[in-house]
Structures are given as C-alpha cells and as structure tokens.
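Colleague: Below is the sequence, then the predicted model.
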Amino acid sequence: MSADSSSPAIEPCFDTLAVIGPGLIGSSVLRRARQTGTLARRLIAVEIDPAFRERVTTLGIADEVTGDVAWAASEADCVMLCVPVGAMGEVAATALPAMRPGAILTDTGSTKMSVIDAIRPFLRPDVAYVPAHPMAGTEYSGPDAGFATLFENRWCLLTTLADADEKALERVTELWRRCGARTKTMTPEHHDRVCAIVSHLPHLLAFTICGTADDLADETRSEVLDFAASGFRDFTRIAASDPVMWRDVFLSNRDAILEMLARFTEDAQAMARAIRWGDESYIVDKIERGRSIRRSLIENKQA
Ligand SMILES: NC(=O)c1ccc[n+]([C@@H]2O[C@H](COP(=O)([O-])OP(=O)(O)OC[C@H]3O[C@@H](n4cnc5c(N)ncnc54)[C@H](O)[C@@H]3O)[C@@H](O)[C@H]2O)c1
Ligand SMILES: O=C(O)C(=O)C[C@]1(C(=O)O)C=C[C@@H](O)C=C1
C-alpha cells in the first residue's frame with residue numbers, strides 16, 4: 001500500500017469521509033486515511049469539544065475540522081459515527097436528514113442492537129446504513145490516542161440488517177480492509193453476545209477487581225496496591241479505560257452482559273468449590289484451558 005497521500009496507487013473508497021468523533025477510533029481511521037490516501041480523497045472531522053477540535057487541526061489529520069454535524073454530513077458520501085454508543089442516536093438524528101441520496105452511514109460502536117435501535121427511527125430509504133465494530137483499541141481516548149496501525153491484523157465485525165444494502169456493505173468492508181483489518185459479518189444479536197464475553201465482561205471484571213482491592217486497602221489501611229505486580233497490573237490496563245464509553249457499553253448491552261456475568265459467576269463458584277474440596281484435576285483443567293487460549297491468541301497474532 002502506498003504511503004504517498006498525493007498519488008494513491010488505487011482509487012479511494014470514498015470521495016469525502018466525515019468522521020464524527022475523532023477520538024481514539026475516529027482519529028485512527030483519519031490517520032490511516034491520511035497515511036495511505038486510499039480511504040477517501042477528502043477528510044472531514046466533526047468534534048463537539050472545542051479543545052479537541054483544536055488538537056485535530058494541529059495534528060493535521062483532516063482537511064476540515066468542524067463542530068457542525070449537519071454540514072459535514074451534507075458534504076460526505078460516507079459518514080462514520082465514532083462517538084460513545086449512548087450518543088449515536090442523537091448524532092444520527094442530526095446527520096441523516098442532511099445526508100446526500102446514495103451516501104452511506106456507518107458507525108464503530110462497541111454494541112450493536114441498541115445502536116441500531118437508536119439510529120433506526122432516523123434512517124432514510126436513499127441512505128444505506130452499515131453498522132460496524134473494529135475489535136481494536138487501547139485504554140486511552142481522545143484524538144491524541146489514535147494511531148494509523150491500530151486496526152492492523154484485528155477483526156472488524158460488520159453486522160447485517162434485514163434490508164442490508166450489499167453494495168454499501170462491500171464498500172465499508174473494503175474501507176476496513178484498507179485499514180488493515182480482517183472482516184467478518186454477523187447478526188447484531190450474535191455480535192452483542194460475543195462481545196459481552198470477550199470484551200465487556202473482561203472490562204467489568206477489571207473495574208470491579210480494582211475497586212475491591214482499593215476498598216481492602218482503605219479498610220485495612222495497608223499498602224495492598226503498592227505490592228501489585230504484573231498479574232494485578234494486567235487488569236489495571238483495561239481498568240484505565242474511558243468511563244463514559246464503558247458506562248454506555250454496559251447500559252446498552254445489558255441483557256447479554258448480565259447473561260455472561262451469571263454464567264461467569266456459576267463458573268467462579270465451581271472453582272471456589274474445587275478449591276474448598278481440594279479438587280486438583282478441576283483446578284488444573286481450568287488453568288490449562290486458560291493457558292491454551294492465550295497461546296492460540298499469540299499464534300494468531302491476537303495478543
Ligand atoms: N476504545 C476502544 O477500545 C473502542 C474500540 C472499538 C470501538 N469503540 C467504539 O467506538 C466509539 C468511539 O470510541 P473511542 O474510544 O474512539 O472514544 P473517544 O472518547 O476516544 O472518542 C470519542 C470522541 O467523540 C467526541 N464526541 C462525543 N460526543 C460527540 C458528538 N455529539 N458530536 C461530535 N463528537 C462527539 C468526543 O469528544 C471524543 O473526541 C465508541 O462508540 C466506542 O464504543 C471503542
Ligand atoms: O485493548 C483494549 O484496551 C480494548 O479494550 C479494546 C476493546 C476490547 O475489549 O478488546 C475494547 C472495546 C471495543 O469495543 C473493542 C476492543
């Protein structure tokens with residue numbers, strides 16, 4: 001892929017891409033677009049926070065930076081919503097009426113059923129909607145946190161709607177492939193159950209264990225956290241993630257998260273029982289399963 005943005009070897013996916021919410025994910029897409037020149041000819045960033053607008057301008061990752069969602073939407077043939085999932089409906093309500101016939105709306109939300117439900121009332125027959133979710137991120141947020149290689153070798157999950165526009169799906173799929181991602185299509189229901197176990201529950205556990213350890217330190221007035229070595233530190237990496245983003249994710253994927261939490265609680269109780277009764281083979285079996293999952297992720301370059 002060419003790194004020269006002035007003369008891309010291949011035709012860009014879109015003429016004008018408007019990224020609404022150029023934070024970690026949105027600014028990574030913009031950086032990739034800038035670096036390769038193969039995502040869009042013209043890049044518009046829409047940011048609600050004036051300080052972040054200034055940062056995006058200084059970073060030079062968009063041709064135009066604005067706070068005006070409707071104007072940006074009216075200029076673009078692809079509008080990508082990269083705002084927290086709780087804000088998707090409100091932003092779509094402003095963007096969709098302004099969009100051009102034949103343009104494509106897409107999003108990067110971590111949950112899909114509630115985002116689709118929030119956007120559905122504002123959809124138009126002449127604008128295709130392609131929900132997407134790049135399975136890549138870090139614990140940092142905002143425009144300075146992004147980087148062009150964030151999506152390389154990661155999955156981007158595209159969700160199918162009953163009335164999906166196949167051509168639009170292909171174009172958004174191609175955009176994510178040009179970001180370096182592998183793509184997979186699935187239903188929104190399946191997406192939300194899968195992400196509840198592989199992404200949302202791990203974050204819930206990380207936030208919770210940090211709180212539990214901190215409470216213990218307060219209660220005992222001791223230095224519990226001072227001795228945290230790498231095991232606890234591995235949990236704290238994802239526990240440092242953005243509170244608004246994760247509040248929205250938990251509340252918008254409530255049913256699937258509560259189902260996975262109930263299953264996890266049963267399994268944790270089974271482990272507690274094995275520890276109580278000295279059931280060595282149960283304990284070893286569980287640890288071996290964890291170890292082989294980690295090893296297979298490393299082999300597939302997912303860890
Ligand atoms: N962080 C991750 O690991 C990750 C991974 C995949 C997908 N996602 C999803 O992608 C989306 C963006 O996440 P992020 O991590 O980039 O968040 P972020 O906080 O880094 O960026 C969001 C940006 O949107 C801006 N914003 C908020 N409301 C807005 C509005 N109404 N109009 C314009 N801008 C607005 C914020 O100021 C911020 O700059 C979320 O829906 C999230 O669930 C996040
Ligand atoms: O690596 C991280 O820090 C992440 O939290 C990334 C992560 C994940 O849980 O895997 C977080 C939320 C997303 O929607 C997708 C990816």
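Modeller: That came through, no problem. Ligands and ions are numbered 1, 2, ... in the order given.

Colleague: can you pull out the helices in the stretch 51-200 of the chain?
Modeller: Using DSSP state H, counting those that start in this stretch, the helices of the stretch 51-200 of the chain run over 69-75, 88-98, 113-119, 166-178, 188-195.

Colleague: Quick one: mean pLDDT for the third one?
Modeller: Yep, that's helix 113-119 we're talking about. Helix 113-119 shows a mean pLDDT of 98.

Colleague: buried set for that helix?
Modeller: In terms of neighbour count (16 or more other C-beta atoms under 10 Å), helix 113-119 has its buried residues at 113-116, 118-119. (Glycine included, C-beta is placed from N, CA and C.)

Colleague: cool, and the last one?
Modeller: Going by neighbour count (16+ other C-beta under 10 Å), the buried part of helix 188-195 is 188, 191-195.

Colleague: Write out the residues of the stretch 1-150 of the chain neighbouring ligand 1.
Modeller: When proximity is defined by C-beta under 6 Å from any ligand atom, the stretch 1-150 of the chain lies next to ligand 1 at 20-21, 23-26, 46-49, 52, 82-85, 87, 91, 108-110, 133-134, 137, 141-142.

Colleague: Show the buried residues in those.
Modeller: Neighbour-count burial (16+ other C-beta under 10 Å) is assigned, among those, to 20-21, 23-26, 46-47, 52, 82-85, 87, 91, 108-110, 133-134, 137, 141-142.

Colleague: Out of those residues, which sit inside strands?
Modeller: Judged by DSSP state E, those include 20, 46, 133-134 as members of strands.

Colleague: Could you export those to CSV, including columns for distance to His200 and pLDDT?
Modeller: Below are these laid out as CSV (distance: C-beta to C-beta, whole Å; pLDDT from 0 to 100):
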residue, distance to His200, pLDDT
Ile20, 23, 98
Val46, 27, 98
His133, 12, 98
Pro134, 15, 98
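
Colleague: Next, give me the two most distant ones among these.
Modeller: Pairwise distances across these peak at 19.9 Å for Val46 and His133 (criterion: C-beta to C-beta).

Colleague: In this structure, where's the longest helix?
Modeller: helix 254-276 (DSSP state H).

Colleague: so what's Arg53 up against?
Modeller: 45, 47, 65-67 (C-beta atoms under 8 Å, 6 or more residues apart in numbering).

Colleague: I only care about the residues you listed that end up buried; give me the ChimeraX line for that.
Modeller: If you want just the buried ones from those in ChimeraX, going by 16+ other C-beta under 10 Å, the selection is:
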select :45,47,65,66
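
Colleague: Would you mind listing what in the stretch 51-200 of the chain touches ligand 2?
Modeller: Within reach of ligand 2 by C-beta under 6 Å from any ligand atom, the stretch 51-200 of the chain has these residues: 110, 135-139, 199.
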